[in-house]
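Visitor: with the sequence up front, the predicted model follows.
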Amino acid sequence: MNLRDFEVFKTIVESGSFSKASERLYIAQPSLSKTIQRMEKSLGVTLFERSNRINRLTEEGRIVYEKAIAVLQQMKELQYQLQDSNEHVQGHVKVGLPQIIGTFFFPKVAKALSKKHPGVSLEIVEEGGLGVERLVEKGEVDVAFVVIPARSKELEERLIFEAPFVACLPSEHFLKDERQIALAQLAQEDWILFDPTFALRQVVLESCRRERFVPNIAYSTTQWDLLLALVREGLGVAIVPRPLIEMGGQGLIVKEIGSQYIPWKIGVVVKKNAYQAQALLAFLKMVTDVYE
């Protein structure tokens, strides 16, 4: 049994099936089955229940999965430490990027880092904010841009930017002449929200709860420009961070929210107590330098 066996086992578990793991690893399914059989023989346990087609872990399989994560993370940290012995900063950093946050914050950091540390390569992993938090927590991504506070207590966060949410209304909305509005004035409206994988959605829902109503969700989307387009066509209302309006708010009525201050707090998160390679430290410093 070797590290590659652990990688194969971990991928099968997280993919949910041998067929999906085969596609991710570019390894034929029979070879994957042989790897699992070899691991089971070496460890003297059964890793997967074989009573049905679902790849459900046994209790022993769960223990091995947790250990596989730890072992692979330790090997990753060892590789980082060896890279750090070089005179110049170099290495590879995996960056988790939710779509909206990535559009606003990543390009400037990437450009500045490439100029100062050309030996550092960046890999983008795109997923919703809650998803990239989980990837950092599991050690599969080194750092992520997220809405803070982060949901996980296993993450260390650094605030880099803050802006208010504003109400976004169709051009002929009955509140168009108001200087500012309360969210409760929109309680009977149809709402357009971001997809449930977006931390922004949770911010909106919590803000509505504070004014004692649950929004009627007409549409959910992962695309901020589509969200604004739906509002523009009169299909609902939304509250969004002001920077989104600055990028694509043409033809919309934008109102300050007077009933409460709703902040869009953006930060970067890393896993607490995990080893931070020089390449990651250089990236984090560049984030700070760009957004101070």
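Guide: Yes, it's here. Numbers count the residues shown, from 1 in each chain.

Visitor: go ahead and list the helix or strand containing the nearest residue to Ala277 once chain neighbours are set aside.
Guide: Closest residue in space to Ala277, ignoring its immediate chain neighbours: Tyr80 at 3.4 Å, by C-beta to C-beta, 6 or more residues apart in numbering. Bear in mind the C-beta positions are built from the backbone N, C-alpha and C, glycine included. Assessed by DSSP states H and E, Tyr80 sits inside helix 59-84.

Visitor: tell me the buried residues in that helix?
Guide: Neighbour counts using 16 or more other C-beta atoms under 10 Å place Gly61, Val64, Tyr65, Ala68, Ile69, Leu72, Gln73, Lys76, Tyr80, Gln83, Asp84 of helix 59-84 among the buried residues.

Visitor: nearest to Lys272 among these?
Guide: Gln73 (13.1 Å; C-beta to C-beta).

Visitor: JSON lines for the buried residues of helix 59-84, including pLDDT and distance to Phe213?
Guide: JSON lines is the format used below for the buried residues of helix 59-84 (pLDDT from 0 to 100; distance: C-beta to C-beta, whole Å):
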{"residue": "Gly61", "pLDDT": "83", "distance to Phe213": "46"}
{"residue": "Val64", "pLDDT": "87", "distance to Phe213": "48"}
{"residue": "Tyr65", "pLDDT": "89", "distance to Phe213": "43"}
{"residue": "Ala68", "pLDDT": "86", "distance to Phe213": "46"}
{"residue": "Ile69", "pLDDT": "87", "distance to Phe213": "42"}
{"residue": "Leu72", "pLDDT": "83", "distance to Phe213": "46"}
{"residue": "Gln73", "pLDDT": "83", "distance to Phe213": "44"}
{"residue": "Lys76", "pLDDT": "79", "distance to Phe213": "46"}
{"residue": "Tyr80", "pLDDT": "70", "distance to Phe213": "49"}
{"residue": "Gln83", "pLDDT": "62", "distance to Phe213": "53"}
{"residue": "Asp84", "pLDDT": "58", "distance to Phe213": "53"}
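
Visitor: other SSEs contacting the helix-or-strand element of the chain with minimal mean pLDDT?
Guide: In the chain, no helix or strand scores lower on mean pLDDT, DSSP states H and E than helix 59-84, which sits at a mean of 80. Helix 59-84 is packed against helix 3-15, helix 29-43, strand 91-97, helix 278-291, with contacts defined by 3 or more C-beta pairs under 8 Å, 6 or more residues apart in numbering; DSSP states H and E.

Visitor: any idea which of the ones you listed is most buried?
Guide: For these, average neighbour numbers computed from mean count of other C-beta atoms under 10 Å are highest in strand 91-97, which has a mean of 21.

Visitor: restricting to C-alpha, output it in PDB.
Guide: This file holds the C-alpha atoms of strand 91-97, laid out as PDB (Å, rounded to 0.1, in the frame of the first residue of the first chain):
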ATOM      1  CA  GLY A  91       5.600  26.900  -5.800                       C
ATOM      2  CA  HIS A  92       2.000  26.300  -6.600                       C
ATOM      3  CA  VAL A  93      -1.000  27.800  -4.900                       C
ATOM      4  CA  LYS A  94      -4.600  26.600  -5.400                       C
ATOM      5  CA  VAL A  95      -7.100  29.400  -5.000                       C
ATOM      6  CA  GLY A  96     -10.800  28.900  -4.400                       C
ATOM      7  CA  LEU A  97     -12.900  31.500  -6.200                       C
END
